[in-house]
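K.L.:
Give me the fold of what follows.
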Amino acid sequence: MKSILFISMALFLSISLSSCATWKGIKKDSSSAWKSTKDKSSEIYDSVKDSVSSEEETK
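P.N.:
From the prediction side, this is the model:
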């Protein structure tokens with residue numbers, strides 16, 4: 001009974017520790033997410049700007 005409890009606790013501990021993120025990893029992930037957001041926002045802005053410009057030219 002003790003061995004089953006020990007194995008289950010060891011398994012739980014190893015799973016919980018393996019999913020921990022480091023501060024360096026969090027900063028890297030948030031930096032890449034922010035860069036992607038800026039790039040996509042810029043593309044959308046340019047697309048809307050071109051669309052509005054072309055509609056004004058057709059009037």
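
K.L.:
pLDDT below threshold where in this structure?
P.N.:
17-21, 59 (pLDDT under 70).

K.L.:
quick one, helices of it?
P.N.:
2-18, 23-58 (DSSP state H).

K.L.:
residue nearest the centroid of this protein?
P.N.:
Ala33 (5.3 Å; C-alpha atoms, centre = their mean).

K.L.:
distance of that one from Ser51?
P.N.:
Taking C-beta to C-beta, to the nearest Å as the measure, Ala33 and Ser51 are separated by 27 Å. Quick note: C-beta positions are derived from backbone N, CA and C, even for glycine.

K.L.:
Could you do Asp29 as well?
P.N.:
33 Å.

K.L.:
just Ile44 next, same as before
P.N.:
On the measure of C-beta to C-beta, Ile44 and Ser51 end up 10 Å apart.

K.L.:
same thing with Glu57?
P.N.:
To Ser51, Glu57 is 11 Å away according to C-beta to C-beta.

K.L.:
Between those two, which is the more surrounded one?
P.N.:
Counted by other C-beta atoms under 10 Å, Glu57 and Ser51 do not tie: Ser51 has more neighbours, with 10 against 7.

K.L.:
Let me see the contact set for the more buried one.
P.N.:
Residues counted as contacts of Ser51 (C-beta atoms under 8 Å, 6 or more residues apart in numbering): none.

K.L.:
repeat for Val48
P.N.:
Listed by C-beta under 8 Å, 6+ apart, Val48 has no contact partners.

K.L.:
circling back: what's the distance between the residue nearest to the centre of the chain and Leu5?
P.N.:
Ala33 is 41 Å from Leu5, by C-beta to C-beta.

K.L.:
Next: Asp50.
P.N.:
To Leu5, Asp50 is 65 Å away according to C-beta to C-beta.
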